[in-house]
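Visitor: Structure for this input, please:
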Amino acid sequence: MALDEIETSRGETSRAKLMKASQEILASEGFKGMSTRAVAERAGVALSLVHHHFGGKRGLLIAALDEDLARVGRYQRLLEQATTLSEAWRILIDESRRDMASGTIRAEWETFIVGLGDPELSDRWQKVTAAWRELYTSVLERLLPALDRESPLPPSALAAILVDFFLGAEAELLAAAASGSEAAPEELDLIDRIGQLIAQFEAGEAR
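Guide: Numbering: from 1, shown residues only. Take a look at the predicted model:
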């Protein structure tokens with residue numbers, strides 16, 4: 001391997017380590033605990049590499065939002081395998097629960113919160129939510145016709161409602177975790193109930 005290829009590989013490795021470290025800190029300690037020094041120490045690399053790859057703390061947040069877009073892509077690949085709406089819902093809920101348990105969703109929310117005071121971060125946040133709407137719209141356009149009944153709303157409107165629903169549910173669950181309390185039972189019951197309703201519609205049982 002040529003010297004320049006080795007250096008490129010090392011650079012990509014150190015960047016990936018820094019991204020992983022920043023996500024872990026956001027998930028466990030929040031934005032307040034994410035200093036460039038803390039990220040470098042957790043990644044096991046020199047502090048100068050944070051500035052080399054990202055320019056500083058803000059650059060890490062921008063990269064984190066780009067990772068959120070990659071998460072949308074991961075869900076898209078999984079949802080493409082679904083052949084029914086109920087199957088798509090199960091995939092969506094299962095993956096969301098994994099991401100909540102791993103801290104991925106908290107890390108995402110930490111970047112969202114900071115982005116409220118930063119125009120560029122806010123713009124990237126809006127791109128992430130737009131990507132979720134586009135994904136849900138495409139899934140609904142593909143699977144809704146199989147219900148053999150007219151939807152009361154177009155797929156794009158239903159997708160927007162879904163995005164808002166998940167943002168609200170995530171906020172409730174994160175707030176419960178932060179306060180040390182359990183998630184509200186009605187929140188979890190609603191998620192399960194929606195899945196049941198979708199299955200009933202597919203079976204032609206819902207009225």
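Visitor: Can you give me the end-to-end span of stretch 95-110?
Guide: Using Cα to Cα, to the nearest Å, one end of stretch 95-110 lies 19 Å from the other.
Visitor: meant to ask about stretch 114-122
Guide: From start residue to end residue, stretch 114-122 stretches across 9 Å - Cα to Cα.
Visitor: Give me the contacts around it.
Guide: For stretch 114-122, the external contacting residues (Cβ atoms under 8 Å, 6 or more residues apart in numbering) are 31, 58, 61-62, 65, 111, 124-125. Heads up, the C-betas are built off the backbone N, CA and C, glycines and all.
Visitor: try 7 Å
Guide: 31, 61-62, 65, 111, 125 (Cβ atoms under 7 Å, 6 or more residues apart in numbering).
Visitor: following the host helix or strand of Ala169, which helix or strand comes up?
Guide: With elements taken from DSSP states H and E, the one containing Ala169 is helix 155-179. With elements assigned by DSSP H and E, the helix or strand that comes after helix 155-179 is helix 185-203.
Visitor: For Trp89, which residues are in contact?
Guide: With contacts defined as Cβ under 7 Å, 6+ apart, Trp89 is in contact with 194-195, 198.
Visitor: If we use 6 Å, what do you get?
Guide: Counting by Cβ atoms under 6 Å, 6 or more residues apart in numbering, Trp89 touches 195, 198.
Visitor: how far away is it from Gly59?
Guide: 36 Å (Cβ to Cβ, to the nearest Å).
Visitor: Over to Pro119?
Guide: Taking Cβ to Cβ as the measure, Pro119 falls 15 Å from Gly59.
Visitor: Would you mind telling me which of those two has the busier surroundings?
Guide: Gly59 (15 against 8; other Cβ atoms under 10 Å).
Visitor: Can you name the element that comes right after the lowest-mean-pLDDT helix or strand in the chain?
Guide: Least confident helix or strand of the chain, by mean pLDDT, DSSP states H and E, is helix 3-28 with a mean of 74. Later in the chain than helix 3-28, the nearest helix or strand by DSSP H and E is helix 36-43.
Visitor: quick one: contacts of that next one?
Guide: The contact list for helix 36-43 (Cβ under 6 Å, 6+ apart) reads 17-18, 21-22, 25, 47, 50, 57.
Visitor: likewise stretch 61-75?
Guide: With contact meaning Cβ under 6 Å, 6+ apart, stretch 61-75 is reached by 108, 111, 124, 128, 131-132, 135.
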